[in-house]
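Asker: no letters, just coordinates:
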């Protein structure tokens with residue numbers, strides 16, 4: 001995990017949250033995200049709603065992310081745009097059969113946050129890459145997409161756009177969050 005940031009002093013470790021986990025101090029600057037980690041993440045684990053992973057060193061929680069199963073439904077309105085995105089990125093004969101599907105297995109990033117002391121160092125991007133890698137290489141149930149309901153603010157939306165997420169439907173400035181997706185098929189190495 002030291003590849004996240006050369007300034008992070010070892011030992012930095014990725015830990016799957018358990019009921020017994022003792023949280024180290026964490027503040028990402030967002031009360032909802034802070035509270036989720038400390039107050040709700042263990043309940044989500046207990047009731048099988050989601051799983052949370054923390055990145056920590058000896059003193060602090062550096063970052064965390066939370067994932068759950070999801071289902072991506074492609075509506076008739078967004079089907080043409082969806083096919084266009086897939087067609088541009090993935091070159092595979094079998095893929096064209098997938099164009100007729102309207103539902104796909106997915107994993108949802110429920111929360112992703114980086115401690116204020118470690119922000120703007122690429123840690124969030126590394127977490128997205130790690131989630132992508134994990135579900136491509138250790139995909140136990142089937143997962144074609146990573147989804148997120150991104151908070152509708154410029155910083156968050158820009159982060160997900162820069163990390164290859166597309167909008168499921170056209171963005172609406174009035175909505176509190178926007179549904180975005182990243183297609184894992186775009187990151188698979190296909191034989192020629």
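Answerer: Happy to help now that I have it. Because the structure is predicted, anything quoted here is derived from the model rather than measured. Numbering: from 1, shown residues only.

Asker: which stretches of this structure have low pLDDT?
Answerer: Applying pLDDT under 70 to the chain flags the ranges 1-10, 85-96, 189-192.

Asker: can you give me the helices for it?
Answerer: Ranges of helices in the chain, per DSSP state H, are 31-35, 41-46, 76-89, 95-98, 123-137, 154-162.

Asker: mind giving me CSV with these and columns for distance to residue 20 and mean neighbour count?
Answerer: For glycine as for every other residue, the C-beta is placed from the backbone atoms N, C-alpha and C. Shown next, in CSV, are those (distance: least, CB to CB, whole Å; neighbours: other CB atoms under 10 Å):
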stretch, distance to residue 20, mean neighbour count
helix 31-35, 20, 13
helix 41-46, 9, 16
helix 76-89, 42, 13
helix 95-98, 42, 12
helix 123-137, 23, 17
helix 154-162, 32, 14
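
Asker: relative to residue 58, which of those is closest?
Answerer: Among these, helix 123-137 comes nearest to residue 58, with 17.1 Å by CB to CB.

Asker: can you tell me what sits against that closest one?
Answerer: 3-5, 14, 55, 62-63, 65, 67, 107, 109, 112, 114, 143, 146, 159, 162-164, 182, 184, 187-188 (CB atoms under 8 Å, 6 or more residues apart in numbering).
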